[in-house]
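# below is the sequence, then the predicted model.
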Amino acid sequence: MILDQKLWLDKTTQFYRQTTGKTYFDLREQLEDILQIILKIDVAEKAYFVRCFEDFTAVIVSSSDLNILNRRIPMEYLNDLREINYKVIDDVWGTFSFEKNPKRVILQYFDTHEIKGFLVKCYGNEAVLNQSFKYYSLLCKFRIEEVLQTHQNEHDLNELKIRFESILRASPMPIIFVDDLTKGTFINDKGYDLLEIDRNAPITPEIISSSFARLIKQLKNKAEVEQQAKDYLIFNQDKAWPWRLGSPHNRTYNVITQHTNLKSYKGRLWIFEDISIEETTKEQLQNINQQLFQVAKKERHENTLKSAFLSNMSHEIRTPLNGVIGAISILEETPLTKEQYELVNIIKKSGEGLISLINDILDYSKIEAGELKLQKESFSIIELVDDCVDIFYVKGLERNIEIRVIFDKRTPVFIYGDKNRIKQIILNLLSNAVKFSRANGIITIEVETAVNEKGENILVCKIIDCGDGIPEEMQSVIFERFTQINQNQLGGTGLGLAICKRLTEMMGGQIGLESVFDFGSTFFFSLPLSFEGNPPLYLEELLSKYSQVKSCLWAVESEDGIEPFARYVENSNLKLIASADPEELVNGNFPKPNIILIDTYILQDKLASAIRLFKNHPVTGKVPIVLVSYPNNIYLKELDSSSYDEQLMKPLKLKSLVQILDKIILGTGNVPKPETEQQDSTQTYFGNRNILVVEDNLFNQKIIKHILDSQLDHFDMVESGEEAVSMVSQKLYDLIFMDIQLPGMDGVATTKIIREIYAMVDQPTIIALTADIFMKESSSLEEAGFDDYIPKPYRKKEIITKLEEYLVKK
């Protein structure tokens, strides 16, 4: 037994020795050698390899018996034998031996991932296949698997090497590898071209060194490369840096060098990445950027000159206009015939129209130059909208157009933003609505809150007109500058809507329109809501006080006319009953009213009889009557003022109506006095105040003198900054009107000196007078010490308002 074991151990050693060190390039050749070795040291009569393929076929690929080569073995005979390392079968039917005489067969399954199959050995019945033999067979199997796997690895590695070298040789980048002994040098085709080396010449260290030296001599940045090379090559650092080659290459390479330290190869890899296009593009981009910088610098300079020109143009145009409009305002106060009054009115409207055109042009120029700054403050959006309506309601009346305002109850009373710019947008849209609406129509302003697509709370303002609408092809361009639907109709610069769009976008909002041709248009804009950290007060909270007291209001008004107010009081204890017929109200079964509201326009010549009807009725005889009327209503003038209790002017403001309800229903608040065209002539008493006017233009001097003479007993006037400084050095002034553009020392410099003179005493109020509309947003006003601003042309109401604001309060 011991001898038997030693025999098979010796044969195993012999098998290992005979299958070591030989390289095969063909799998069949290798398998045949293995079979020959097995037959030499084994006692098998016949041996062959069966290879199992992925298509579930098994074929004899190598055999000591050439007669059975390429035969197929049914897979059903082999399936159960997979994963079995060693199996002895009595092949009675000759399934594996292919012989009539029974044989003993050993099957051993192989799996080297790439090669799967069986080693089949056939023995005579007398063969001793004991445990020692089995051990020998298993060892041989493992060795065969190692040999087959090694062959596969060598095959794969060889294929990989071929592919890798093919890729490197075909690479558009020059690639060079030089080991420390120049034995493992590799240069691809582009590398040969770059180094100018003959492909057929042997590669020696001298050739490599001289080629690199020649290449470096051609560099435009030779000194830089040589200096960096000392650090990179001496210390074996990995680096990438640019090599800028001159003639004949005229290329720029990003050279990547990397040191390798493998067992077989120790050396340095060089990769030359051609970045000539990138460098050229970069250089061109730098040139373009430099040109753009110069263009931008020139544009900034031109914008500065443009702003100075526009500012000067504004002043030069407004100064004579100021004289014209100021003189017309004074002339209006003198006795005039009807014809003279009409001519004066034409001149006044023409002048104001020209100023409006100038303002649009200058405003848009400032926006385009990026010089317009937003001035944010907290203000009442309700009062702002009412103020806008005040400006246009008289113009609307000329064509019998009514302007109505509807606030959603969730509208905040106060918001934070640029009050003047929001007002400018509303005025522009409202001006267009009045201009383009049909006579006898209604313009509606709706203000509400909403949530945009970002989930932000926004304020939405809509102006709904009753015009002809805008053709669909014009709607996409209507907000572009110089765009008008009909340039031959109604004039204008075509800048109004463009300014609105730019202002809205500056404030983070959006603007748009909805229009059906021949059915009117709805222009709308939205702005982000801001409250400057304060909790918002909504309109519904302001009106909630009427829910505390049960009351009733009768309104002699149309359903459309009373609709806005009906929205405010719905779901409250204030019951609103409206009818255009007074008889229907007194004869109907309605609750007794606390107030009777009468729209004089609805009744016209029946106004007096309607008031008598209410006064003489037992239910309404003592109920307060409030008239809502336009100024100079002829039917109102015929009434005895004692026949009604209060009067509100149209357009009816929410604030005015709330004050009426507070006084009559809640017993609080004051009723605003109605404004009429005939203002109270009683002047405000300004006391013994010292006032100085600094104005160089003779016409402007006369106009402001005429305005101040009607309000003040005495004031001083000078025409230069130097004279103003002299006057303030001798006398303490309470208020100074200061023209900005003065001969010699201008108004800004003069104001700074005055502030220094008054450093130790109470500072006067200094109000800038200027035809430059840009000056209002200029930081120089505040920096120079101005308290306020009045634009030219001068208007009597504006000047008196400033006197009241700063002198009466003071």
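Thanks, I have the structure now.
# and the lengthiest helix in the chain, what does it pack onto?
Assignment by DSSP state H gives helix 276-332 as the longest helix of the chain. In terms of contacts (3 or more CB pairs under 8 Å, 6 or more residues apart in numbering; DSSP states H and E), helix 276-332 is packed against helix 338-368, helix 698-709. (C-beta placed from N, C-alpha, C; glycine too.)
# buried deepest among these, which one?
helix 698-709 (a mean of 18; mean count of other CB atoms under 10 Å).
# moving C-terminal of that helix, what's the next helix or strand?
Once the chain leaves helix 698-709, the next helix or strand it forms, by DSSP states H and E, is strand 716-718.
# what's the mean pLDDT across that next one?
The predicted model assigns strand 716-718 a mean pLDDT of 94.
# what helix or strand is the nearest residue to D408 once chain neighbours are set aside on?
Among residues not flanking D408 along the chain, E448 sits closest, at 3.6 Å (CB to CB, 6 or more residues apart in numbering). Secondary structure assignment for E448, by DSSP H and E: strand 442-451.
# neighbouring contacts of that strand?
In this structure, residues lying in contact with strand 442-451 by CB atoms under 8 Å, 6 or more residues apart in numbering are 381-382, 385, 388-389, 396, 401-408, 410-412, 426, 430, 433-434, 437, 457-466, 526, 529, 560.
# buried only: go through the residues you listed for me.
381-382, 385, 388-389, 396, 401-408, 411-412, 426, 430, 433-434, 437, 458-466, 526, 529 (16 or more other CB atoms under 10 Å).
# cross those residues against helices and list the overlap.
I381, I382, V385, C388, V389, G396, I426, L430, A433, V434.
# surely the fourth one is in contact with I425?
No: under the criterion of CB atoms under 8 Å, C388 makes no contact with I425, lying 9.6 Å away.
# can you pull up the most central residue in this structure?
Residue closest to the mean C-alpha point of the chain, counted by CA atoms, centre = their mean, is G508 at 9.2 Å.
# dump the residue contacts of that residue.
L527, P528.
# what's the helix or strand for it?
Counting by DSSP H and E, no helix or strand carries G508.
# ranges for the helices of the stretch 1-150 of the chain?
2-18, 27-41, 75-78, 131-170 (DSSP state H, counting those that start in this stretch).
# sorry, slip of the keys, the one I care about is the stretch 551-700 of the chain.
Taking DSSP H, counting those that start in this stretch as the criterion, the stretch 551-700 of the chain carries its helices at 559-569, 582-587, 600-603, 607-616, 634-637, 654-661, 698-709.
# contacts for the third one?
Under the contact criterion CB under 8 Å, 6+ apart, helix 600-603 has outside partners 556-558, 561, 580, 582, 607, 610, 627-630, 633, 635-636, 650.
# mind doing that once more with 7 Å?
556-558, 580, 607, 610, 627-630, 633, 635-636 (CB atoms under 7 Å, 6 or more residues apart in numbering).
# repeat that for the fourth one.
Outside helix 607-616, the residues within contact range by CB under 7 Å, 6+ apart are 556, 582, 586, 596, 598, 600, 603, 620-621, 623, 625, 635, 638-639, 643-644.
# just to revisit the earlier point, for the strand holding E448, buried residues please.
I442, I443, T444, I445, E446, V447, E448, T449.
# cool, and stretch 622-634?
Quick answer for stretch 622-634 (16+ other CB under 10 Å): V623, P624, I625, V626, L627, V628, S629, Y630, N633.
# name the nearest of the residues you listed relative to V105.
In terms of CB to CB, no member of the buried residues of stretch 622-634 lies closer to V105 than V628, at 119.7 Å.
# that closest one and E540, how far apart?
V628 is 24 Å from E540, where distance means CB to CB, to the nearest Å.
# pipe the helices of the stretch 551-700 of the chain into TSV and attach distance to Q284 and mean pLDDT per row.
Formatted as TSV, these follow (distance: least, CB to CB, whole Å; pLDDT from 0 to 100):
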stretch	distance to Q284	mean pLDDT
helix 559-569	64	79
helix 582-587	84	92
helix 600-603	73	84
helix 607-616	82	91
helix 634-637	78	76
helix 654-661	64	83
helix 698-709	57	87
